[in-house]
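K.L.:
From the sequence below, what's the structure:
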Amino acid sequence: MNIFNYFRQSFIKYPHNTALVVDGSQYTYEKINEYSGAFSEAVKQMGDRSPFIGLFAHRSVTAYSGILGILQSGKGYVPLNPKFPHSRNKLILNLSQINTLILGKEVQSEAIPFLNEISRPLNVIIDFAKEEVSPELLSNKNLNFFFINKEKISNTVEGESTHAYLLFTSGSTGLPKGVPISHNNVCSYINYMFERYQVIPSEKFSQTFDLTFDLSVHDMFLCWCSGAALYCVPEKSLMGPAKFIIDNKLTYWFSVPSVGMFMNRFKMLRPNSFPSLKVSLFCGEPLPAVVAESWQNAASNSIVENIYGPTETTIGISHYRYNATTPDVNKTLNEIISIGKIFSSQQYKIVDEFDKEVMQDEVGELCLAGEQVTSNYLNNIEATKKGFVRFNDSENLWYKTGDLVVQDSEGDLFFKSRKDFQVKILGHRVELEEINLCIKSIISENTVISLPYPVQDGIAQGVYSFVLSDTANKEQEIIDQCKQRLPDYMVPKRIIFLKELPLNDNKKIDLKKLEKLIPTSNGR
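P.N.:
Numbering: from 1, shown residues only. The predicted structure follows:
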């Protein structure tokens, strides 16, 4: 099934219900269906044989109706992000082999630098007037502009593409890894969550995530499959959304724990301050017990759940419900809430370094299989072979998460650490080696080590990088160049130059001693 049909079925049942509230405007299912149909018709007129269409739009009606239009046309969408460096958007555009891009008016200025560097023909679909297009873009001979006709819409739903979307995660080789997620993957997730929460048309969903973060798919399609309304939280309110929740009487909340931690720190989680909330979900980072408790007190009528799941397993694949009546019985490890149990519709194993299943209470790597789990990385055979395996005793294809977990006697899981040098920073999965390679390319030094800095309530706040070098300190120059190549959350807060690295008794680099060199203050 094409996941666009979740929206289409709600449009047929509830055409006059509010589907989207964004940038101060409300749009019904009927109106969004018209916009989607116009984008779908435009995509089909391009005659593009690629399975993916690009989307460069941000927190706008163009962004959300553009996604629906791409899906309706039988293609998968590839979101780009105006917060990313221009070089990264260009890289994603090229790695995904996109030939057609929907461009939102609100991000036109951010598009100019990387679109002007594209050295091949690119179709650009526009839903605003030609007079409003930048002359700099119009003069680019590689760009073929198509201005949609909102009177000419498609009413059909195509089913050509296997994949619903393609997202890029941080890669240890220095290149992002493309993760293609199929319609079947998403349907398995949405159907499970719909059954779990029994969503009704009167609900009001938050939308806090950028479209390059797969948790945004939960917001959109669990909402739209139910005839409910999606409320896009304005950029200025993302870290302090208390007023937005109250003013709009939101009923479903979903964010990274960092948002709750920030709100708690600034006294925004007052008891019973969010009475309208019914369901509050957190995902993307470890959930500190103190945040879960504070949010539960603020949203006293809401269930609070911790969700876990890598991009490769489609949004989320385990859950743990916080016990509001008896907080002391909630399961934690190092003051972090359990990630709970794997969805009953999916499969899991916990294995040791030899791929043998471990016993209860033993630490091992979590491996996942089932309809939600994708099968490969885009055009990356080496990473696919490493990440997706078939164990001797199973016909399933298993994804090796790299997450070390432990399971208790009741089957609840607890996250311990990463197996590799991958960390979560503000909800984003980051390969530290990608940062190291970026710095090495800037200063031509062989030894660069990046570490997350200080972990507050179980959440890494950023990265510090150590460089073994006798050269003069060029800290700000390196950071400035990193900003041109890496997303903001991956840019080191400090570059610390060392003439020698601390070693442990085994003559290996002593990471604990390096950690002690990280300033306790976040300031420069």
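K.L.:
Tell me the secondary structure at S417.
P.N.:
Secondary structure, DSSP: H, G, I helix; E, B strand; the rest coil: S417 is strand.
K.L.:
Please name the spatially closest residue to it (chain neighbours excluded).
P.N.:
L404 (5.1 Å; C-beta to C-beta, 6 or more residues apart in numbering). (C-beta placed from N, C-alpha, C; glycine too.)
K.L.:
My guess is that neighbour contacts F414. True?
P.N.:
No - checked against C-beta atoms under 8 Å, the pair L404 and F414 is beyond contact range at 9.9 Å.
K.L.:
okay, which residue is most central for this structure?
P.N.:
F213 (1.9 Å; C-alpha atoms, centre = their mean).
K.L.:
where does that one fall, phi/psi-wise?
P.N.:
The phi/psi pair for F213 (degrees, to the nearest 10) reads phi -110, psi 120.
K.L.:
State the distance from it to A369.
P.N.:
Separation of F213 from A369 (C-beta to C-beta, to the nearest Å): 24 Å.
K.L.:
the helices in the stretch 251-400 of the chain, which residues?
P.N.:
With DSSP state H, counting those that start in this stretch as the criterion, the stretch 251-400 of the chain has helices at 257-265, 289-298, 381-387.
K.L.:
helices and strands around the second one, which ones?
P.N.:
Here helix 289-298 is seen to pack against helix 257-265, strand 279-282, strand 303-308, strand 336-337 when contacts are counted using 3 or more C-beta pairs under 8 Å, 6 or more residues apart in numbering; DSSP states H and E.
K.L.:
and the ones you listed as TSV, adding mean neighbour count, mean pLDDT and distance to L166?
P.N.:
Below are the helices and strands packed on helix 289-298 laid out as TSV (neighbours: other C-beta atoms under 10 Å; pLDDT from 0 to 100; distance: least, C-beta to C-beta, whole Å):
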stretch	mean neighbour count	mean pLDDT	distance to L166
helix 257-265	22	89	26
strand 279-282	25	98	24
strand 303-308	23	98	22
strand 336-337	26	94	31
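K.L.:
related to what we said a few turns ago, L404 and F414: which has the busier surroundings?
P.N.:
Shown here are L404 and F414; by other C-beta atoms under 10 Å, F414 has more neighbours (22 against 16).
K.L.:
sec struct for the more buried one, please.
P.N.:
Per three-state DSSP, F414 ends up strand.
K.L.:
which residues does it contact?
P.N.:
With contacts defined as C-beta atoms under 8 Å, 6 or more residues apart in numbering, F414 is in contact with 331, 333, 336, 338-339, 405-408.
K.L.:
Give the closest residue to it in space, chain neighbours not counted.
P.N.:
Closest residue to F414 apart from its sequence neighbours, by C-beta to C-beta, 6+ apart: L333 at 4.1 Å.
K.L.:
burial count for the one you found?
P.N.:
18.
K.L.:
Pretty sure it sits against S417.
P.N.:
No - contact criterion C-beta under 8 Å: L333 and S417 do not qualify, at 10.7 Å.
K.L.:
which residues does I495 bridge with?
P.N.:
Here I495 sits in beta bridges with S465, going by DSSP bridges.
K.L.:
Am I right that it is in contact with E475?
P.N.:
Yes - counting by C-beta under 8 Å, E475 is a contact partner of I495 at 4.3 Å.
K.L.:
Among the two, which residue is more densely surrounded?
P.N.:
Taking other C-beta under 10 Å, I495 and E475 do not tie; I495 has more neighbours (23 against 16).
K.L.:
Tell me how far that one lies from C482.
P.N.:
Distance, I495 to C482, by C-beta to C-beta: 9 Å.
K.L.:
quick one: common contacting residues for those two?
P.N.:
Residues touching both I495 and C482 by C-beta under 8 Å, 6+ apart: I439.
K.L.:
Show me where this structure dips below the pLDDT cut-off.
P.N.:
Where the chain drops to pLDDT under 70, the residues are 160, 393-394, 445, 454-458, 471-472, 504-508, 520-524.
K.L.:
Okay, domains of it per the record?
P.N.:
The chain is divided into the following domains under automatic domain parsing: 26-168, 190-342, 347-418, 422-516.
K.L.:
Next one: Q481 from S87, what distance?
P.N.:
Between Q481 and S87 the computed distance is 10 Å (C-beta to C-beta).
K.L.:
So what sits opposite V22 in the bridge?
P.N.:
Beta-bridge partners, per DSSP bridges, of V22: S25.
K.L.:
H58 is in contact with that one, correct?
P.N.:
No - judged on C-beta under 8 Å, V22 makes no contact with H58 at a distance of 10.3 Å.
K.L.:
Can you give the distance of the longest helix along the chain from its chain's centre?
P.N.:
Longest helix of the chain, by residue count under DSSP state H: helix 29-46. Centroid separation between helix 29-46 and its chain, computed with C-alpha atoms, centre = their mean, to the nearest Å, is 25 Å.
K.L.:
What of stretch 467-474?
P.N.:
Once both centres are worked out by C-alpha atoms, centre = their mean, stretch 467-474 turns out to sit 35 Å from its chain's centre.
K.L.:
What residues of that stretch count as buried?
P.N.:
467, 469, 474 (16 or more other C-beta atoms under 10 Å).
K.L.:
Tell me where the stretch 101-250 of the chain has helices.
P.N.:
Using DSSP H, counting those that start in this stretch, helices in the stretch 101-250 of the chain cover 108-115, 135-138, 183-197, 215-224, 242-248.
K.L.:
Return the most buried member of these.
P.N.:
Stretch with highest mean neighbour count among the helices of the stretch 101-250 of the chain: helix 215-224 (a mean of 25; mean count of other C-beta atoms under 10 Å).
K.L.:
Report the distance from it to the chain centre.
P.N.:
Put simply, helix 215-224 sits 12 Å off its chain's centre (C-alpha atoms, centre = their mean).
K.L.:
List of residues touching that helix?
P.N.:
So helix 215-224 is in contact with 3, 6-7, 10, 19, 64, 67, 164-165, 186, 189-190, 193-194, 197, 199, 203, 205-210, 229-230, 252, 254, 256, 281, 283-284, 314-316, 427, going by C-beta under 8 Å, 6+ apart.
K.L.:
Mind checking which of these are buried?
P.N.:
For these, buried by 16+ other C-beta under 10 Å: 3, 6-7, 10, 19, 64, 67, 164-165, 186, 189-190, 193, 197, 199, 203, 205-210, 229-230, 252, 254, 256, 281, 283-284, 314-316, 427.
K.L.:
among these, which are in strands?
P.N.:
Judged by DSSP state E, the buried ones among the contacts of helix 215-224 include 19, 164-165, 205-207, 229-230, 252, 254, 281 as members of strands.
K.L.:
now the strands: where do they sit in the stretch 51-200 of the chain?
P.N.:
Remark: strands assigned in the stretch 51-200 of the chain by DSSP state E, counting those that start in this stretch are 52-56, 76-79, 100-103, 122-126, 143-147, 163-169, 177-182.
K.L.:
Does anything pack onto the longest one? Which helices or strands?
P.N.:
Using 3+ C-beta pairs under 8 Å, 6+ apart as the contact criterion, the elements in contact with strand 163-169 are strand 76-79, strand 177-182, helix 183-197.
K.L.:
how close does the nearest residue to D403 once chain neighbours are set aside get to K341?
P.N.:
Among residues not flanking D403 along the chain, L366 sits closest, at 4.9 Å (C-beta to C-beta, 6+ apart). Relative to K341, L366 is positioned 12 Å away (C-beta to C-beta).
K.L.:
Now the common contact residues for those two.
P.N.:
Applying C-beta under 8 Å, 6+ apart, one finds that L366 and K341 are jointly contacted by L413.
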